[in-house]
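Colleague: Build me a model from this:
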Amino acid sequence: MAISSQPIADRVYRITLSGLLTWAEFQNFLAQAEIENVFATGKVKLLLLLEDFTGWEPGEQWSDVSFFFKHDPDIEKIAVVGESRWQDEMQIFLFADYRQAEVRFFPVTDLEPARAWLMS
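Modeller: All right, here's what the predicted structure looks like:
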């Protein structure tokens, strides 16, 4: 599976991306977050782990950013941990420059500092 999630603390979720992320998987993931009312009871913090991540399936569908802007006020912080080669693309994918939430990228070796920053 290219995307999975699990809660790691109250209102804090670890999302793991691995392999090639497809649009269908991503849409299913977002739909599941809506079903589970992840954003219903206050702001969340996200720890996004890139494990053997190889990118996104090609396609123009990735320009649909409606979910991000709908839930932008519901996200407090996003920490991304992964290979540095993904830093710029993740900033674009997460619309980091357009979000209310602070987004920070951490190298793979800095998982604990990423967690500490996220929990602060």
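Colleague: Longest strand in the chain, please.
Modeller: With secondary structure taken from DSSP state E, the chain has its longest strand at strand 44-56.
Colleague: need the helices for the chain, in chain order.
Modeller: Secondary structure of the chain by DSSP state H: the helices cover 23-35, 66-71, 87-93, 111-119.
Colleague: measure stretch 14-28 end to end?
Modeller: Between the opening and closing residues of stretch 14-28 there is a gap of 17 Å (Cα to Cα, to the nearest Å).
Colleague: contact partners of it?
Modeller: Taking contacts as Cβ atoms under 8 Å, 6 or more residues apart in numbering, the residues outside stretch 14-28 that touch it are 1-8, 46-57, 59, 61-62. Every residue, glycine included, has its C-beta placed from N, CA and C.
Colleague: mind redoing it with 6 Å?
Modeller: 2-6, 8, 46-54, 56-57, 59, 61 (Cβ atoms under 6 Å, 6 or more residues apart in numbering).
Colleague: So which bits of that stretch are buried?
Modeller: Using 16 or more other Cβ atoms under 10 Å as the burial criterion, the residues of stretch 14-28 that qualify are 14, 15, 16, 17, 21, 25, 26.
Colleague: give me the number of residues near residue 61?
Modeller: Neighbour count for residue 61, taken as other Cβ atoms under 10 Å: 13.
Colleague: ok, and the closest non-adjacent residue to it?
Modeller: Closest residue in space to residue 61, ignoring its immediate chain neighbours: residue 23 at 4.8 Å, by Cβ to Cβ, 6 or more residues apart in numbering.
Colleague: Roughly how far does that neighbour sit from residue 92?
Modeller: Using Cβ to Cβ, to the nearest Å, we find residue 23 at a distance of 16 Å from residue 92.
Colleague: before we move on, what about residue 68?
Modeller: Applying Cβ to Cβ to residue 68 and residue 92 gives a distance of 12 Å.
Colleague: So the two - more neighbours on which side?
Modeller: Neighbour totals were compared for residue 68 and residue 92, and residue 68 leads with 15 against 11 (other Cβ under 10 Å).
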